[in-house]
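Enquirer: any chance you can model this:
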Amino acid sequence: MIRCTSIGELRQRLAEQRKQSPDGRIGLVPTMGFLHEGHASLMRRADEECDFNVLSVFVNPLQFGPNEDFDRYPRDIERDAAIAEKNGIDILFMPSVQEMYPTKPLTRVLISDVTDRLCGASRPGHFDGVGTVVSKLFNLVQPTHAYFGMKDAQQVAVVEQMVHDLNIQVEIVRCETVREADGLAMSSRNMYLNEDQRQQAVILSQTLREAGSWLQEAGMSTQELTRRIQSSIETAPLAVIDYAEVLTYPSLSSIAMNQDLSQFSGTLIIALAVKFGSTRLIDNRVFELQGGGVHVQNDDEIEAAQSNSNRGEPQLCG
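Expert: Residues are numbered from 1 along each chain as shown. Down below sits the predicted model:
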């Protein structure tokens with residue numbers, strides 16, 4: 001595995017690879033490091049599908065607000081490097097902030113509508129920072145495929161929208177959320193939870209599982225489903241809800257509160273953000289509703305749907 005810290009070296013190594021294999025697939029896995037099994041699953045997927053793979057490790061200051069945890073975000077580059085090499089990465093790109101932003105960036109990617117709700121509402125400017133750094137990485141690496149986890153489903157929707165709107169030649173590959181044995185979605189922020197918070201945090205995945213049953217009840221409205229979701233989360237005394245929303249996916253549009261979801265046809269997402277102490281956790285579940293039937297897409301179906309899409313024009317499915 002090659003380690004690159006400079007943009008110049010990254011470009012040189014990629015040029016050498018393209019000369020050796022002009023038609024080869026190049027995969028990109030963008031991360032902020034402190035890697036866990038969720039990240040490793042993205043790398044393995046890329047290794048299965050691509051001929052050459054790049055992992056970026058960069059804690060991007062543009063996507064942190066003034067009171068957020070940029071300075072305390074966990075970092076362990078040697079541990080990350082070992083995980084990357086074990087899981088099929090060919091180039092580990094780990095630039096400094098100075099390398100990525102040698103001067104104050106005066107150009108940013110601004111993405112609207114899909115950023116107005118959920119984390120975009122409570123973290124203004126966050127997704128502009130995501131769009132800016134991901135567009136830079138796409139320009140630098142020029143991957144044929146880029147791999148993103150569905151734990152942050154809004155981020156996936158934002159990146160897909162950017163790729164579609166700007167005609168970027170890359171296929172966005174959605175990958176299933178990886179969970180701990182008790183259901184908690186894997187996240188670098190889980191390490192901040194104390195023992196009591198960690199035990200209660202499983203209420204998020206438990207609530208999302210229950211929601212699948214609630215959706216099948218005749219006459220289940222958006223309002224009633226939202227109420228049940230909130231009530232379920234509040235059974236954990238340490239949980240403080242930031243948001244718990246039922247929206248269409250991937251447009252992230254609102255659904256009428258009196259809508260009978262048991263008769264709704266389309267894709268919806270139940271998205272959660274909940275604080276335990278100072279640690280903010282997100283989770284979600286995407287459902288395909290077919291006028292009385294409820295279906296949760298698995299990886300094979302997501303992959304099949306993507307294989308029918310044109311690169312740069314992703315089929316926005318759950």
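Enquirer: how many neighbours does the residue lying closest to residue 110 once chain neighbours are set aside have?
Expert: Nearest residue to residue 110 in three dimensions, chain neighbours excluded: residue 128, at 5.4 Å (C-beta to C-beta, 6 or more residues apart in numbering). (C-beta placed from N, C-alpha, C; glycine too.) By other C-beta atoms under 10 Å, the residues close to residue 128 number 19.
Enquirer: so residue 128, which state does it fall into?
Expert: Recorded secondary structure, residue 128: helix (DSSP: H, G, I helix; E, B strand; the rest coil).
Enquirer: for residue 57, what are its contacts?
Expert: 31, 32, 33, 35, 77, 80, 84, 92, 93, 94 (C-beta atoms under 8 Å, 6 or more residues apart in numbering).
Enquirer: the helices in the stretch 1-150 of the chain, which residues?
Expert: 7-20, 37-49, 77-86, 97-100, 119-122, 126-141 (DSSP state H, counting those that start in this stretch).
Enquirer: re the thing from before, out of the contacts of residue 57, grab the one that's most surrounded.
Expert: Going by other C-beta under 10 Å, residue 84 tops the contacts of residue 57 with 28 neighbours.
Enquirer: show me what contacts that residue?
Expert: 1, 35, 43, 55, 57, 92.
Enquirer: same question, residue 237
Expert: Counting by C-beta under 8 Å, 6+ apart, residue 237 makes contact with residue 200.
Enquirer: circling back to that earlier point, so the residue nearest to residue 110 makes contact with residue 105?
Expert: No. Residue 128 lies out of contact with residue 105 (C-beta atoms under 8 Å); the separation is 10.7 Å.
Enquirer: pLDDT at the residue sitting nearest the centre point of the chain, what is it?
Expert: Residue closest to the average C-alpha location in the chain (C-alpha atoms, centre = their mean): residue 152, at 3.1 Å. Here the pLDDT value assigned to residue 152 is 96.
Enquirer: burial count for the closest residue to it other than its chain neighbours?
Expert: Spatially, and ignoring its direct neighbours in sequence, residue 152 is nearest to residue 282 (6.6 Å; C-beta to C-beta, 6+ apart). Neighbours of residue 282 under the rule other C-beta under 10 Å: 21.
Enquirer: repeat for residue 129
Expert: Neighbours around residue 129, by other C-beta under 10 Å: 19.
Enquirer: ok, it touching residue 68?
Expert: No. In this structure, residue 129 is not within contact of residue 68 by C-beta under 8 Å, at 10.7 Å.
Enquirer: make sure the residue nearest to residue 152 is indeed in a helix.
Expert: No. Counting by three-state DSSP, residue 282 is located in no helix; its state is strand.
Enquirer: wait, what's in contact with the closest residue to residue 255 other than its chain neighbours?
Expert: Closest residue to residue 255 apart from its sequence neighbours, by C-beta to C-beta, 6+ apart: residue 222 at 4.8 Å. Contacts for residue 222 (C-beta under 8 Å, 6+ apart) come out as 246, 255, 256, 257, 258, 259, 261.
Enquirer: mind running it again at 7 Å?
Expert: Residues counted as contacts of residue 222 (C-beta atoms under 7 Å, 6 or more residues apart in numbering) are 246, 255, 256, 257, 259, 261.
Enquirer: next one: residue 54
Expert: 26, 28, 90, 91, 93, 141, 143 are the contacts of residue 54 under C-beta under 7 Å, 6+ apart.
Enquirer: which ones among those residues lie within strands?
Expert: In strands, defined here by DSSP state E, the members of the contacts of residue 54 are 26, 28, 91, 93.
Enquirer: the first one touches residue 144, doesn't it?
Expert: Read it as residue 26. Yes. Using C-beta atoms under 7 Å, residue 26 makes contact with residue 144 at a distance of 5.3 Å.
Enquirer: neighbour count: those two, which is higher?
Expert: residue 26 (23 against 19).
Enquirer: show me what the more buried one is bridged to.
Expert: Counting by DSSP bridges, residue 26 forms beta bridges with residue 52.
Enquirer: for residue 191, see how far away it is.
Expert: Residue 26 is 32 Å from residue 191, where distance means C-beta to C-beta, to the nearest Å.
Enquirer: can you check residue 121 too?
Expert: 26 Å.
Enquirer: who has more neighbours out of those two?
Expert: residue 121 (14 against 11).
Enquirer: gap between that one and residue 243?
Expert: 7 Å.
Enquirer: state the distance from residue 174 to residue 66.
Expert: 31 Å.
Enquirer: those two: who's more crowded?
Expert: For residue 174 and residue 66, the more surrounded residue by other C-beta under 10 Å is residue 174, and the numbers stand at 24 against 6.
Enquirer: I'd guessed the more buried one sits against residue 156; true?
Expert: Yes. Using C-beta under 7 Å, residue 174 is in contact with residue 156, at 5.8 Å.
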